[in-house]
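Asker: Predicted coordinates and the sequence they were generated for:
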Amino acid sequence: MSRAKLFLENFFVYGFITVLNKVLSLFLLPVMTRLLPDTSAFGVSEMYNVIVGFATPLAILGIYDAMFREFFEKDDQQYKYNVTATAERIVLVSSIVISLTLLVFNSFFSRLFFNTNKYRDIVIYSSISLIFSANVIIIQAPTRILNKRKVYVFSGLFQSILSYAISIPLILLGFSYYGIIYSGLLTGAIMTIFFWFQNKKFFLDGKFDKNIAKELFKIGLPLVPTFLIYWIYNSTDRIMITNMLGTAQLGIYSIGSRLAQISQLIYAAFAGGWQYFAFSTMRDEDQVDLVSRVFEYLGIISFVAFLAIVPFNNFIFSLLFEGDYIKGSTVFPYLFLSPLLLMLFQTAGNQFIVIKKSYLSTISLAVGAGSNVLLNFLLIPKFGIVGASIATLVGYTMSVVIVAIITQKMGLFKVKLRFVLSSFLVALDFVIMQLELGNLYLVNAALIVLITLMYKNDLKSIFARIRKKKEVENT
């Protein structure tokens with residue numbers, strides 16, 4: 001199988017189910033906002049996700065990525081079984097420890113996340129959800145590793161449908177945000193059981209191997225700060241908004257963030273197939289050029305998508321939402337582009353994992369995260385939820401720039417001038433948008449044309465290959 005076909009198949013097949021789930025979530029988002037009593041209820045449910053998101057990477061310890069990398073180290077099947085079995089035992093123990101910590105100190109964590117003891121029960125529910133969220137990631141991994149596409153697609157779609165099938169009736173019965181929480185717990189338990197029966201031989205036929213555990217920790221532990229930094233990017237703004245502005249403003253911000261996740265249709269498709277492609281081609285001679293091209297093309301797709309959708313921002317929110325939820329449009333542009341910058345960071349940063357120097361990825365991300373926290377502290381009191389969205393975008397931008405510079409100096413990555421110019425045009429668009437210097441429809445259309453002209457030769461080449469392939473198929 002050619003590398004292009006390998007990448008595209010994983011991009012579309014594995015990404016398809018994630019994209020489908022995102023579409024389902026976005027489609028039902030207006031429904032959920034109308035069912036919940038107010039923006040504060042939505043804010044509480046969002047903070048529940050924040051707590052689970054905080055605890056899960058601590059429990060996984062970077063073992064998932066390390067397991068994926070180590071699985072391809074040898075062709076020995078028993079070795080592969082030992083890798084997965086060792087990984088699961090480590091995560092099972094660590095998730096239990098973290099869960100007990102949340103249970104015992106639930107009052108402390110309630111004050112930390114909500115600035116009140118009122119939501120101690122939310123912390124307790126989060127501690128239970130952690131057990132499922134951490135372990136199912138490892139248990140489902142063999143499905144991804146072995147390219148069991150049909151199983152992965154079915155399970156992903158089933159999980160989304162089941163989640164809403166449980167949560168919506170519970171909300172209608174008056175459970176409010178508890179309906180979302182109970183749904184998450186039940187769905188997590190069911191999916192853990194499902195994947196266990198699918199992949200149990202990888203954990204029962206293998207054994208705990210101390211040498212493999214050392215390798216997993218060697219690769220995984222330096223990634224733990226990285227995943228915590230991801231959490232900082234995704235969650236500190238929400239914690240600060242809750243503490244400074246209240247859960248009602250968090251609900252508005254979260255709606256803007258959720259709808260901005262439409263950009264994650266691109267990111268999710270990428271993430272679905274990237275890991276398998278990246279590690280299975282890591283020994284190719286032109287691997288650096290390959291990764292650089294993927295980075296550049298994904299970046300251009302992201303920029304064009306941003307320029308195309310942002311002018312319709314206010315219209316979309318007015319169409320889908322009512323009341324205070326419409327104010328989420330103010331944060332949409334900044335949060336739309338942020339996940340796409342994360343995609344670019346992971347593309348270039350994966351080179352550090354390939355050479356087993358994952359700590360460099362952590363350092364690169366940490367600088368951006370630190371800037372994000374500082375800007376949240378400075379901008380939220382002044383600009384409210386818009387300040388938080390600006391802080392997120394600036395933080396991601398800094399991380400991408402830093403990782404691109406480091407990998408290029410190490411000879412692991414190449415950045416072309418035309419991509420730098422395209423990035424500048426997008427940055428200019430933010431200035432024009434913020435200062436209202438022109439008609440955004442016309443300005444963005446002009447910028448899309450300029451970027452297209454810079455890549456016209458690449459587009460011609462792609463179309464020529466498509467035509468040639470069709471001619472071959474017709475003959």
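Answerer: Looks like it arrived, so ask away.
Asker: Could you pull up the residues touching the nearest residue to Trp196 once chain neighbours are set aside?
Answerer: In space, Trp196 comes closest to Ile139 once its chain neighbours are excluded; the distance is 5.6 Å by C-beta to C-beta, 6 or more residues apart in numbering. The C-beta positions use only the backbone N, C-alpha and C, and glycine is treated the same way. When contacts are counted by C-beta atoms under 8 Å, 6 or more residues apart in numbering, Ile139 touches Glu88, Thr192, Phe195, Trp196, Asn199, Phe203.
Asker: so how many other residues sit close to the first one?
Answerer: To tie it back to what came earlier, the one meant is Glu88. Under the neighbour criterion other C-beta atoms under 10 Å, Glu88 is assigned a count of 23.
Asker: what comes into contact with the helix or strand containing Phe202?
Answerer: Taking DSSP states H and E as the criterion, the element that holds Phe202 is helix 201-204. With contacts defined as C-beta under 8 Å, 6+ apart, helix 201-204 is touched by Lys80, Tyr81, Thr84, Ala85, Glu88, Ile139, Pro142, Trp196.
Asker: Leu216 and Ala189, how far apart?
Answerer: In this structure, Leu216 lies at 26 Å from Ala189, with C-beta to C-beta, to the nearest Å as the measure.
Asker: In terms of packing, which of the two has more residues around it?
Answerer: Set side by side, Leu216 and Ala189 show more neighbours around Leu216, with 24 against 15, by other C-beta under 10 Å.
Asker: Quick one: residues contacting the more buried one.
Answerer: Going by C-beta under 8 Å, 6+ apart, the list of residues near Leu216 reads Ile63, Ala66, Met67, Glu70, Val83, Thr86, Ala87, Ile90.
Asker: how about 10 Å then?
Answerer: 61-67, 69-70, 83, 86-87, 90, 209 (C-beta atoms under 10 Å, 6 or more residues apart in numbering).
Asker: Would you list the phi and psi of Arg418?
Answerer: For Arg418, the backbone dihedrals (degrees, to the nearest 10) come out as phi -60, psi -30.
Asker: what does Val415 give?
Answerer: Taking degrees, to the nearest 10, you get phi -120, psi 130 for the backbone angles of Val415.
Asker: returning to what we had before: in helices, which of the contacts of Leu216 fall?
Answerer: With helices defined by DSSP state H, the entries of the contacts of Leu216 inside them are Ile63, Tyr64, Asp65, Ala66, Met67, Arg69, Glu70, Val83, Thr86, Ala87, Ile90.
Asker: Share the number of residues neighbouring the fourth one, please.
Answerer: Residue neighbour count, defined by other C-beta under 10 Å, stands at 28 for Ala66.
Asker: Is it in contact with Ala87, as I believe?
Answerer: Yes: counting by C-beta atoms under 10 Å, Ala66 touches Ala87, with 7.4 Å between them.
Asker: list residues touching both of these two?
Answerer: Applying C-beta under 10 Å, 6+ apart, one finds that Ala66 and Ala87 are jointly contacted by Ile60, Ile212, Ala213, Leu216, Gly220.
Asker: Any idea how far the helix holding Phe202 is from the middle of the chain?
Answerer: For helix 201-204, the distance from its own C-alpha centre to the chain's C-alpha centre is 28 Å (C-alpha atoms, centre = their mean, to the nearest Å).
Asker: So for it, mean pLDDT?
Answerer: The average pLDDT within helix 201-204 is 90.
Asker: Show the subsequent helix or strand relative to that helix.
Answerer: Next helix or strand after helix 201-204 toward the C-terminus (DSSP H and E): helix 210-220.
Asker: Quickly note the distance from Ser399 to Ile451.
Answerer: 23 Å.
Asker: Settle it for me: which of the two has more neighbours?
Answerer: The residue with more neighbours, out of Ser399 and Ile451 and counting by other C-beta under 10 Å, is Ser399; that gives 28 against 19.
Asker: what helix or strand does that one sit in?
Answerer: helix 385-409.
Asker: now Gly179
Answerer: The secondary structure element spanning Gly179 is helix 177-199 (assigned by DSSP H and E).
Asker: That helix: which residues count as buried?
Answerer: Of the residues in helix 177-199, 177-181, 183-188, 190-192, 194-196, 198-199 count as buried by neighbour count, 16 or more other C-beta atoms under 10 Å.
Asker: Stretch 83-99 too?
Answerer: When neighbours are counted by 16+ other C-beta under 10 Å, the buried residues of stretch 83-99 are found to be 83-92, 94-95, 98-99.
Asker: Stretch 125-136 too?
Answerer: Counting neighbours by 16+ other C-beta under 10 Å, stretch 125-136 gives Tyr125, Ser126, Ser127, Ile128, Ser129, Leu130, Ile131, Phe132, Ser133, Ala134, Asn135, Val136 as buried.
Asker: List the residues that contact the closest residue to the fourth one other than its chain neighbours.
Answerer: Using C-beta to C-beta, 6+ apart and skipping the chain neighbours, the partner closest in space to Ile128 is Leu185 (6.1 Å). Contacts for Leu185 (C-beta under 10 Å, 6+ apart) come out as Tyr125, Ser126, Ile128, Ser129, Ile131, Phe132, Ile166.
Asker: Save the buried residues of stretch 83-99 as TSV, and put in pLDDT and distance to Phe306 too.
Answerer: Written out in TSV, the entries for the buried residues of stretch 83-99 read as follows (pLDDT from 0 to 100; distance: C-beta to C-beta, whole Å):
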residue	pLDDT	distance to Phe306
Val83	88	39
Thr84	90	39
Ala85	91	43
Thr86	92	42
Ala87	91	37
Glu88	92	39
Arg89	93	43
Ile90	93	39
Val91	92	36
Leu92	94	41
Ser94	93	38
Ser95	94	37
Ile98	93	37
Ser99	94	39
